[in-house]
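J.: what follows is a predicted structure for the sequence shown.
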Amino acid sequence: MAVTGLPEEVWYHVFEFLSPPDKLSVRASCKFFKRVIDRPGLWRNSTVYLEKITSYKSHFWRTLGRRKTDSVVVLKGSGVREWTELGCRLPWIASLTIQVCGDPEALGTLRRLNKLKRLEIRQCRCPSLAASLPSLLQLTHIGLCEVVCAPRTDIINAVSQLTNLTSLHYHESNKPIPKAALHKILRCLPNLKHLSLKMGANQSPLPCDYFCPAEANQMSGEPVCGALGLTSLELLNYMDPMLSPVALQGLPSLKSLTVQYRGWTLDSGLCHLKTWLSMLPLLSELSISLGYQLGAYANSVPGTVQSLSLKGVVGELKALREMAQQVPDLLCLHLDLCCHERHSFIAEVPQLFPKLQSLKMRHHNVPETEFLQLAQMSHLKRVVVLDPHNLSPNSALMDLTHKLHIQTNNRVHVIHSSEPKDRNVCFCAYH
């Protein structure tokens with residue numbers, strides 16, 4: 001082929017811009033492109049999804065070996081034999097997500113994966129998990145979601161031994177983790193920066209010092225609240241008054257806060273979020289789903305916030321304007337409000353958030369003239385249109401996207417968010 005007259009490095013650079021499906025199409029065209037496409041650098045952040053591990057042929061594993069694929073999601077539970085084969089075929093795995101595994105002994109083979117850094121276990125039955133975890137001291141992230149395993153105290157003890165953890169997702173479906181158990185984790189994991197908890201349906205208020213393990217006062221010996229090094233906190237399936245208004249006072253270094261409420265509530269007098277926000281001087285990312293009306297906390301959003309996500313929040317234009325005054329340097333906005341007003345929020349975005357670089361929004365019921373007003377935003381680089389994941393963008397939307405590209409001289413990249421949800425991410429975050 002004449003095209004092979006170009007240096008391989010040139011083609012490699014071109015292929016860096018292709019999506020995975022396009023890479024696979026090019027790979028099938030000739031042996032030269034197949035060799036270039038299979039270079040590890042082109043698959044650096046890719047993930048392979050496996051079902052029955054033993055059903056794959058040797059050439060499949062050789063391809064993954066050439067690409068040095070190090071992120072795997074196992075979609076269907078397997079036995080000890082299958083897990084042993086996975087460890088032999090891809091011993092360099094750094095990220096592993098296990099979904100629905102029914103063999104209680106299978107996870108004992110994970111100790112073979114001595115390069116493993118990230119482990120997610122979901123909907124699995126593994127009573128021996130507590131005994132297996134201490135052999136994975138190299139882990140920096142672990143996520144446990146709806147796992148049927150040993151008693152909670154055994155799991156807490158095992159997780160507390162993983163001293164290299166920087167990220168922990170602990171998602172129980174029925175009730176929050178007890179204070180004493182949480183304090184043990186926080187004290188034993190000095191490198192922990194990100195914590196995600198599923199709070200459950202238990203409405204009993206938790207202690208005020210839930211996130212504040214006691215330390216001995218050097219002068220008096222009395223226990224005092226010790227500040228933690230957490231920089232990111234997720235509270236999923238949450239409702240007030242489970243945590244007190246001062247629950248986050250021991251987290252002054254928090255830079256990212258996600259509160260996913262279990263549903264909507266109209267009683268703004270119960271809103272503890274506005275008090276929490278006043279205690280977080282370094283907060284730069286804030287994500288709220290459902291919960292209170294926007295007006296309940298719009299004036300409390302810190303001016304340090306540069307990334308804001310409002311998903312399913314009930315809000316009116318007045319509250320959005322009030323909040324915009326609080327965050328003049330906002331760079332990223334995910335705007336998905338529930339509103340009874342006919343006025344489109346998108347028409348206000350260029351004036352309210354002039355420094356915005358990234359916007360996620362819904363195209364439904366947004367007039368063409370208002371959508372094209374986004375071209376006025378000189379700093380805007382990306383617009384994500386939040387279409388339903390099972391629908392392709394229609395011709396009218398594609399035409400509108402083309403017009404925006406022309407008016408911005410292709411400065412703004414428009415993405416139609418129709419891809420399936422990332423299976424590396426716990427589904428609890430989507431509920």
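T.: Arrived safely, thanks for sending. Numbers count the residues shown, from 1 in each chain.
J.: ranges for the helices of this protein?
T.: Counting by DSSP state H, one finds helices in the chain at the ranges 8-15, 20-27, 31-37, 58-67, 80-89, 129-132, 152-159, 179-188, 273-277, 317-326, 349-352, 368-372, 395-407.
J.: residue 315 contacts residue 296, correct?
T.: No - Residue 315 is not in contact with residue 296 according to C-beta atoms under 8 Å; the separation is 9.8 Å. The C-beta positions use only the backbone N, C-alpha and C, and glycine is treated the same way.
J.: follow-up on the earlier one: need the helices of the chain in a markdown table with mean pLDDT and distance to residue 200, can you?
T.: Listed next are the helices of the chain as a markdown table, based on pLDDT from 0 to 100; distance: least, C-beta to C-beta, whole Å:
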| stretch | mean pLDDT | distance to residue 200 |
| --- | --- | --- |
| helix 8-15 | 90 | 46 |
| helix 20-27 | 90 | 37 |
| helix 31-37 | 90 | 46 |
| helix 58-67 | 91 | 39 |
| helix 80-89 | 84 | 31 |
| helix 129-132 | 78 | 20 |
| helix 152-159 | 86 | 13 |
| helix 179-188 | 91 | 13 |
| helix 273-277 | 95 | 19 |
| helix 317-326 | 94 | 29 |
| helix 349-352 | 93 | 36 |
| helix 368-372 | 88 | 41 |
| helix 395-407 | 87 | 40 |
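J.: in a markdown table, list the ones you listed along with distance to residue 146 and mean neighbour count.
T.: Listed next are the helices of the chain as a markdown table, based on distance: least, C-beta to C-beta, whole Å; neighbours: other C-beta atoms under 10 Å:
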| stretch | distance to residue 146 | mean neighbour count |
| --- | --- | --- |
| helix 8-15 | 39 | 13 |
| helix 20-27 | 29 | 14 |
| helix 31-37 | 38 | 16 |
| helix 58-67 | 29 | 14 |
| helix 80-89 | 20 | 17 |
| helix 129-132 | 13 | 19 |
| helix 152-159 | 13 | 18 |
| helix 179-188 | 18 | 17 |
| helix 273-277 | 27 | 20 |
| helix 317-326 | 35 | 17 |
| helix 349-352 | 38 | 18 |
| helix 368-372 | 40 | 15 |
| helix 395-407 | 37 | 14 |
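J.: I'd like these as a markdown table, with distance to residue 145 appended.
T.: A markdown table is the format used below for the helices of the chain (distance: least, C-beta to C-beta, whole Å):
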| stretch | distance to residue 145 |
| --- | --- |
| helix 8-15 | 35 |
| helix 20-27 | 26 |
| helix 31-37 | 34 |
| helix 58-67 | 26 |
| helix 80-89 | 19 |
| helix 129-132 | 13 |
| helix 152-159 | 13 |
| helix 179-188 | 16 |
| helix 273-277 | 25 |
| helix 317-326 | 32 |
| helix 349-352 | 35 |
| helix 368-372 | 38 |
| helix 395-407 | 35 |
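J.: do you know the pLDDT at residue 393?
T.: If you check residue 393, the pLDDT there is 64.
J.: and residue 225, by the same measure?
T.: Looking at residue 225, its pLDDT is 49.
J.: how about the one 10 residues further on?
T.: pLDDT recorded at residue 235 is 95.
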